[in-house]
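> give me a model of this one.
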Amino acid sequence: MLQVNLFAYDYSGYGMGMKHGPPSEEHCYADIEAAYDYLRNTLGIPAQNIVLYGRSLGSGPSCHLAAQTAMKSKEDAEYGSNDGPVGGLILHAPFLSVYRVVVDTGCTLYGDKFPNLDVIPMVNSPTLLIHGTSDQIVPFHHSERLFDALPKSCQARPLYIEGMSHNNVHAQVRPMFVDRLMEYLEDNVWDNVVSRTQIARKPSTASTRSSTRRWEIIADSN
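Down below sits the predicted model:
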């Protein structure tokens, strides 16, 4: 429906990655970095053609990778180098940090995991937040605070869905869900993607939007 390529991965210690455990925060970061390295350096997908999609726990690795790529130089990224921030970040039911799901600690305590609130100000990619107002696992206000912590230039219009809980997207809201994703990609991503022809040679001043564009979404498989 979105006309995208999807690259899904499992975490070490879970699913198809069960034998590569044990599960840990560090392994989750290593897993998404390995997926990204494969897309960039084996398949040759430009950084800005890649959109990260993290739901719930997946928001931690996705925020981490988006911040990591933001620290790289954007110079020549559109011509196929390894550098530059990813093209976009989508966070579905994200949390501030693991401890804050249980109690609002007011700060990041020692031992806390996936401190998204501390990481997201470093993101330099257009970011879409999706959250259900009836989420009983990760409170809705987590997305509101993450949105406020984003750099203003990265704040895409969020999608807050009345009555949606944590683990389901009801059939009646799916058209709204898909429409907003498409709008986000049209407004924030597609104008910046690079075609395979442009990777091979310096592009002209013509628009990069064409039928040859190719870009990827990295999503955790949970």
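> all helices of this protein, in order?
Remark: helices assigned in the chain by DSSP state H are 25-37, 59-70, 98-102, 116-119, 141-149, 174-188, 196-200.
> now these as TSV including mean neighbour count, distance to residue 125 and mean pLDDT?
C-beta coordinates here come from the backbone N, C-alpha and C atoms, glycine included. Converted to TSV, the helices of the chain look like this (neighbours: other C-beta atoms under 10 Å; distance: least, C-beta to C-beta, whole Å; pLDDT from 0 to 100):
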stretch	mean neighbour count	distance to residue 125	mean pLDDT
helix 25-37	17	13	94
helix 59-70	24	5	96
helix 98-102	16	23	91
helix 116-119	21	12	96
helix 141-149	18	14	97
helix 174-188	15	9	93
helix 196-200	14	19	53
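> and the ones you listed: which comes nearest residue 128?
Nearest to residue 128, of all the helices of the chain, is helix 174-188, at 4.7 Å by C-beta to C-beta.
> and the residue lying closest to residue 137 once chain neighbours are set aside, what is it in contact with?
With sequence-adjacent residues excluded and distances taken as C-beta to C-beta, 6 or more residues apart in numbering, residue 137 is closest to residue 166, at 4.1 Å. By C-beta atoms under 8 Å, 6 or more residues apart in numbering, the residues touching residue 166 are 56, 93, 132, 135, 136, 137, 138.
> what's the farthest-apart pair in the residues you listed?
The two members of the contacts of residue 166 with the most space between them (C-beta to C-beta) are 56 and 136, at 12.5 Å.
> more neighbours: which of the two?
residue 56 (19 against 10; other C-beta atoms under 10 Å).
> my read: the more buried one touches residue 143, true?
No. Using C-beta atoms under 8 Å, residue 56 is not in contact with residue 143, being 11.5 Å away.
> quick one on the thing from earlier: can I get the helices of the chain in CSV with distance to residue 2?
Compiled in CSV, the helices of the chain are given as follows (distance: least, C-beta to C-beta, whole Å):
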stretch, distance to residue 2
helix 25-37, 19
helix 59-70, 17
helix 98-102, 29
helix 116-119, 24
helix 141-149, 21
helix 174-188, 6
helix 196-200, 20
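> looking at those helices, which is closest to residue 49?
Among these, helix 196-200 sits nearest to residue 49 (C-beta to C-beta), with 9.4 Å.
> looking at the helices of the chain, which is closest to residue 86?
helix 59-70 (5.0 Å).
> by contact count, what packs against the closest one?
Contact here means 3 or more C-beta pairs under 8 Å, 6 or more residues apart in numbering; DSSP states H and E; on that basis helix 59-70 packs against helix 25-37, strand 50-55, strand 88-92, helix 116-119, strand 216-220.
> contacting residues around the shortest one?
Among residues not part of helix 116-119, those counted as contacts by C-beta under 8 Å, 6+ apart are 59-60, 63-64, 67, 91, 94-97, 100, 108, 145-146, 149.
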